[in-house]
Structures are given as structure tokens and as C-alpha cells.
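> I would like the atomic coordinates for the input below:
(2 chains)
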There are 2 protein chains.
Amino acid sequence: SLAAPVVAQTSPKITWRMTSSFPKSLDTIYGGAEFIAKAVSEATGGDFQIQVFAAGEIVGGLQAADAVTSGTVEACHTANYYYWGKDPTWALGATVPFALNARGMNAWMYYSGGIDLYNEFMAKQNLYALPAGNTGAQMGGWFRKEIKTVDDLKGLKMRIGGFAGKVLERLGLVPQQIAGGDIYAALEKGTIDGTEWIGPYDDEKLGFYKIAPYYYYPGWWEGGLTVHALFNLQKWNELPAQYKSILSNACMAANQDMLAKYDRKNTTAIQSLVAKGTQLRPFSPEIMQACFEAANATYAEIEATNPAFKKIWGSIKDFRKEWFFWSQVTEYNYDTFMMIQQRGGKL
Amino acid sequence: SLAAPVVAQTSPKITWRMTSSFPKSLDTIYGGAEFIAKAVSEATGGDFQIQVFAAGEIVGGLQAADAVTSGTVEACHTANYYYWGKDPTWALGATVPFALNARGMNAWMYYSGGIDLYNEFMAKQNLYALPAGNTGAQMGGWFRKEIKTVDDLKGLKMRIGGFAGKVLERLGLVPQQIAGGDIYAALEKGTIDGTEWIGPYDDEKLGFYKIAPYYYYPGWWEGGLTVHALFNLQKWNELPAQYKSILSNACMAANQDMLAKYDRKNTTAIQSLVAKGTQLRPFSPEIMQACFEAANATYAEIEATNPAFKKIWGSIKDFRKEWFFWSQVTEYNYDTFMMIQQRGGKL
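Numbers count the residues shown, from 1 in each chain, chains lettered A, B, ... in the order given. Next up is the predicted model:
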């Protein structure tokens, strides 16, 4: 008779839970967790299952990382700047004002030691972090009135989160913390003068264009947000090498996928918004320069007392200087020429 | 006694060969095939092996696609514009003059139906094609003398491949086909006046800066080259669903990986080249505009007789117009501000 085959336990059956910081209605960014779960399940023939939960189903969106640190869930999909209040070093893996754009961040993460450097810090939170999505450069937000000078920022009540709010406080802006679902009413009533959210595709759903016609750019506090998958460090370390590889590559593919999705959907949405009367406005050079200097002053304060922040931000800054030299050569000139053709109606 | 477990044949042992169009010395672009092979092997615990061969080991670099069509090998990793001479439609999946940049191409491929549309054409070649790498915008090449006007192009002997050479012929340039290893000698002897290759990191290895000091940008014929993995259609269709998913995600991750690698390595190399005396020069607006018009004339000719080309190029053009509107809003303005800071020594 035939001998029973030896079944090596290289493919154990594992079920993990991944809590997202985002609601299902944000199909772009919430979709990143679903992408990872699907890729991992398919690659393992269903042996490694990751169940995805929307914000609030297990824990709230801003408690996602804590739930992974403590082991309540094995994984989450989140924007790490949500946790800057614990330590601003968290935000460096996501994005901070005037940091790298999406391509620069990926170059730093994957080929300039960024992933390892950031995980030195993440390990102290009992976490392992992998890039798993990017929004591209975000918009600067919606305002009821035009903002023309630095003086116009003084006393302005704007719904804007965390780190960027701290920078804008230096210029007299009054940052407001308001959950996504409550922004519209606050803006309509005039409780706030403006709000930032993400970009055209996500913003259009919330309808801000109906009550705040001026849509500013760029969102200098999010030049290219890296969304992360965070894993409980013990759980990550216990995975077989095969599953680690599958999960790492799924995150890298998710990183590519989300940016392509945002780029495609924002392209349609910006035109839809303009057709509905949205007025596009650039922040003035004066405002941009003042914000840049305010951000640098904030960084200098943090670096003086936070060695982990100083080390990682130093690495990003070193690369940032070189990246914005190289990318202004061929890439920027190619884009500029194509944009001139677009404006000239020649595309 | 224990019943022997039923071993479902979901993970058959498969060994494929993937021939690269590139030599191992181009670690960036050759590395894409190695990335895919490693990801697939690790994900399947070694059951699905892809053996990678450098250009020339099985077939020459420009015979890679033919070898897959005929089934000599199951897969290749190549730049599909190499095959434009069979039919220019091939080139549309890679890049053509004044097409999309890297992010735009990914948005079109993954979220604007590009992959399916292109595979309608690829299926006629008995192939299935997936994006599996991107170089970003390439440089315009190395010249012994400065090129200032459209007149300077007349009679200029330049090593430049395929489609772009055809466009430049309209302006009087004399394109030369010279294999990578022979370019340096031809340029040194003055047999050619200039040459294009890829970008700073790859170009530096070939040493052109020693004999042709003017390094032009942008490479308007390669605003964002998509490198492809091509699979023999029968072999692809025979794969279990699990392996198809693993291979698809490996290609998507390879796409992300190669761009990050180029972006990081080019960033260092451009500075090294400038330090060695390389003179960076933009193509003049006059030259760019003349090339754009020459390219459009070429497209009009092809569209008049080639329905497959017309259909796919039409889809790319529709998206191109919208993409270069959206990307000039927040992304371009963010980058511009950061580049101004870089030039001002403030980063």
C-alpha cells in the first residue's frame, strides 16, 4: 500500500484580525486592508486569513495601533501620524509637513534604509510596520473665504489634525479636532471657517464644495502620505518565513495599488468638482514660506529633546535634499512640458 | 490507523524559465525578474520556481518576447517597445513619446482598464502581459556638443532606438542602432554625435560623461517606461488560480520596487555625474515643441491604418489629458515649492 505522504507544517492555518482606521465609505484607503487580506488568502489557498474590520467595529480608528501593541488584534491598517501625540516620531513614517512626496518616500523607505530605521522605533511599541498605501499629495482644504495672506490665517478656525495644526498655531490659526462625520455641519454653521480632508475623490463625497467654494492646494502637510500595515511584533515574529514573505509582498503591492487608485479617481473627481463650481486656489508663496519656516521651528524644538525623532528626521532630510534636486531634472521638466500642452489644449 | 490525508493538487511543482532582455550589469532593471522569481518561490515554499536568465543566455535581449510566444520559455522580462517594428501597438504598453509619466501609466494600467485593453492585443501574440517595473522619466542622452535649435538636430547621428528614432527622423536626425556594449567606442571615435541610454545610475556605469559632457533632459520618448513580464498565454491559463494570484501580486510589487530603486540610485548618481563635470542641459522649448509635433504626425499616420493602435492610444490619450490637469494642481505645486527650497539651499 502507499505510504502516507509526510505533510510538513509549513502552511499552518492562521486567522488574524486587521482593524482599519478608516470607514468602508473611504473605499480608496480602506481598500488597502482588503487588498492585503485578499492577496494573502489567495497566496496561501485560504490557510492564512486576515479578517478586516472597519474603524469602530472592534476599536475606534485612532485606537488601531494601541490595539495591535496590546495584542487585542494582530494587525491594523492606519496612518501613523494619528499617534504623534504619544511621540512625534510616529508621524515620520506617515508624513510630516514639507517631507517627501510619494515617490521620494518609497525610495527612502525601500532603498534608503527607511523601513529598518523606522522599525527600530516601532519595535519599542511592540510593532512591525510596513508601507501599505499612499494617497499622493493631498489638497490643502476647503475654505468659505479666500485666504490670501499670512494675516488671513490669524484667528482662522480650521479643522486640521495633529502635527500640521501644531505648526499652524504658530501663525495664529486655531486648529479644531472634528470627526469626519461632523465636519460638514460645523462648516455649514460657520463653527469652522475651513477644513482639510484628503483629496478630490474622498472630499467630493462629503460635499464640502456646496458650502465652502475655495479649494486650496497644495496640502503641504501631506505631500505623500504613507499608510501603514502594523503587526504585533510577537505575532509577526512567529509567522513562518513563507507567510512573512507573502505578507511583505502583499503590502508592497498594496502600496502600489492604492496610489494608482487615488491617482485615477482623483483625476476624474477634480474635474467633477470644478464643474460643480469649486474654485481652485494655490496657497500664496508668502503663506507657503511662512508655513515652511513655522514647520522648521517646530522640528528644531522636537529635535532638541527627542533623539529618535532627530535620527529618523535627519535621515529623511538628508535624502529630501538630494531627491528634490534629482526630481527637478528630467521628471519635473517632462511633466512641465506636458502640463503646458494640457493648458494649451494640445493633449 | 490514521487515514492518509487527501492531498489536493493545489500546489503543483512547476519550474518556469524567464528570459530577461537585460544584462546582469543593469542590476536595477534586470533585478525586476529576480524580484519576481524570489517572491514566487518564497510564497509557494519553492513549489513554483522561476529561473531567470540574462539576455543572451537562452535568446538575445530583443528575441525575448518571441521566445515566449513560441513557448521556448514560459516567461520573459522586457521592454515591449523593443517589438514596435512588428507593430507599433506593442510600444503602447511600455511607453511612447510624450505619453504618461510613471504614476499616470500605473493609474491607466491598474484603474483605467489599461491592462485588459493591452492584453486584448497581447493575446494575439499568444501572450499575457503584466506591468513589472518602471524606470521613471529617463534622460535625453549624452552629446559631444550642445544642441540648441531644431536646426542642430539636422544630420545629427544619435544612437536612439525604435519609435523615438522614427519621430526624430522627421526633424533630420539620423538615428543609429548600436548595442549597449558598442556605444562608448562609437561615441569616442565620433561615429555618433550623441546617445541615449537610461538615466544617471545606469548611464554612469558606461562612462559616457568622459567623452560627451552635455547631458540633456527630459527624455521625452520615455516619460515613464513600464517594463513588462510576459507569459506564454497557454502556460498562464494552465496555472492554478493560487499561482496566478501570487504571480500577479509579485509583478505589482516588482513594479513598485523597481521605481523606488531607480529613484534612490539615480538620486545619488546625478550628483556624482555633476561632480565629475557633466553639464546638465534642458532641451529648448523650441526643440521640445518640434518633437511633440513630429510625434503627433507619426501617431496620426499610424492611427489611420492600425485600428488596434488607435484604440489603445486613444484610451491613453483620453486619460493623459485629464491626468496632466489633475497632477498640475496639488502634486506639481508641492514639488515646485520643495524644489525652490532646494535651490535656495533651505533643505
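
> Return the distance of residue A:182 relative to residue A:189.
For residue A:182, the distance to residue A:189 (Cβ to Cβ, to the nearest Å) stands at 11 Å. The way it works is simple: take the backbone N, C-alpha and C, and place the C-beta from them, glycine included.

> all strands for chain A, in order.
Along chain A, counting by DSSP state E, strands occupy A:14-20, A:48-53, A:75-78, A:127-134, A:141-143, A:157-159, A:174-176, A:194-195, A:214-217, A:226-232, A:279-282.

> So for chain B, which of these sits nearest?
Checking the strands of chain A against chain B by Cβ to the nearest Cβ gives strand A:214-217 as the closest, at 3.9 Å.

> ok, that closest one: who's next to it in the sheet?
strand A:141-143 (antiparallel), strand A:279-282 (parallel) (DSSP bridges).

> Please identify the most buried of the ones you listed.
Most buried of these, by mean neighbour count (mean count of other Cβ atoms under 10 Å in any protein chain shown): strand A:141-143, with a mean of 25.

> What lies in contact with that strand?
With Cβ atoms under 8 Å, 6 or more residues apart in numbering or on different chains as the contact definition, strand A:141-143 has outside contacts at A:158, A:160, A:187, A:193-197, A:203, A:208-209, A:212, A:214-216, A:219.

> With mean pLDDT added, can I get the strands paired with strand A:214-217 in JSON lines?
JSON lines is the format used below for these (pLDDT from 0 to 100):
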{"stretch": "strand A:141-143", "mean pLDDT": "98"}
{"stretch": "strand A:279-282", "mean pLDDT": "98"}
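
> Put together JSON lines for the ones you listed, with distance to residue B:268 on each row.
Below are those laid out as JSON lines (distance: least, Cβ to Cβ, whole Å):
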{"stretch": "strand A:141-143", "distance to residue B:268": "36"}
{"stretch": "strand A:279-282", "distance to residue B:268": "32"}
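
> who in the stretch 101-250 of chain A is up against chain B?
A:101-104, A:106-112, A:136-140, A:199-200, A:217-220, A:223, A:241-242, A:245-246, A:249-250 (Cβ under 8 Å from any Cβ of the partner chain).

> Now restrict the residues you listed to buried residues only.
Listed as buried from those are A:101-104, A:106-112, A:136-140, A:199-200, A:217-220, A:223, A:242, A:245-246, A:249-250; burial here means 16 or more other Cβ atoms under 10 Å in any protein chain shown.

> And the spatially most central residue of chain A, how close does it get to chain B?
By Cα atoms, centre = their mean, chain A has its centre lying nearest to residue A:225, at 3.1 Å. Applying Cβ to the nearest Cβ, to the nearest Å, the value for residue A:225 to chain B is 12 Å.

> Ok, residue A:339 next?
Distance of residue A:339 to chain B, given as Cβ to the nearest Cβ: 4 Å.

> Next, the nearest residue to that residue once chain neighbours are set aside: phi, psi?
Spatial nearest neighbour of residue A:339, chain neighbours left out: residue B:328 (4.4 Å); criterion: Cβ to Cβ, 6 or more residues apart in numbering or on different chains. Phi and psi for residue B:328, reported as degrees, to the nearest 10, are phi -90, psi 0.

> which residues touch residue B:328?
Listed by Cβ under 8 Å, 6+ apart, the contact set of residue B:328 reads A:335, A:339, A:342-343.

> Buried only: go through those residues for me.
Using 16+ other Cβ under 10 Å as the burial test, those include A:335, A:339, A:342 as buried.

> which ones among these are found in helices?
Judged by DSSP state H, helices contain the following of these: A:335, A:339, A:342.

> Kindly indicate which of the residues you listed lies nearest residue A:297.
residue A:335 (31.4 Å; Cβ to Cβ).

> I'd like to know how far the closest one sits from residue A:42.
Residue A:335 sits at a distance of 36 Å from residue A:42 (criterion: Cβ to Cβ).

> one step back: quick one, phi psi at the residue nearest to the centre of chain A?
phi -70, psi 120.

> Enumerate every residue touching it.
Counting by Cβ under 8 Å, 6+ apart, residue A:225 makes contact with A:79, A:81, A:94-95, A:134-135, A:138.

> Relative to residue A:302, which of the residues you listed is nearest.
Nearest to residue A:302 among the contacts of residue A:225 is residue A:81, at 13.5 Å by Cβ to Cβ.

> quick one: the closest one and residue A:162 touch, right?
Yes: taking Cβ atoms under 8 Å as the definition, residue A:81 is a contact partner of residue A:162 at 5.7 Å.

> Just give me the neighbour total for residue A:340.
The number of residues packed near residue A:340 is 17, by other Cβ atoms under 10 Å in any protein chain shown.

> Tell me the pLDDT of it.
Reading off the confidence values, residue A:340 has pLDDT 97.

> just residue A:170 next, same as before
So residue A:170 comes in at 96 (pLDDT).

> now swap in residue A:177 and tell me
Here the pLDDT value assigned to residue A:177 is 87.

> For it, what are phi and psi?
The phi/psi pair for residue A:177 (degrees, to the nearest 10) reads phi -100, psi 110.

> and if you look at residue A:86?
Backbone torsions of residue A:86, given as degrees, to the nearest 10, read phi -70, psi -40.

> hang on, the earlier thing: who touches both of residue A:81 and residue A:162?
Listed as contacting both residue A:81 and residue A:162 by Cβ under 8 Å, 6+ apart are residue A:91.

> any idea how far residue A:96 is from residue A:309?
Distance from residue A:96 to residue A:309, by Cβ to Cβ: 10 Å.

> And for residue A:288?
24 Å.

> next one: residue A:172
In this structure, residue A:172 and residue A:309 are 25 Å apart, going by Cβ to Cβ.

> cool, and residue A:123?
Taking Cβ to Cβ, one finds residue A:123 at 16 Å from residue A:309.

> between these two, which one's more packed in?
Per other Cβ under 10 Å, whichever of residue A:123 and residue A:309 has more neighbours is residue A:309, with 21 against 12.
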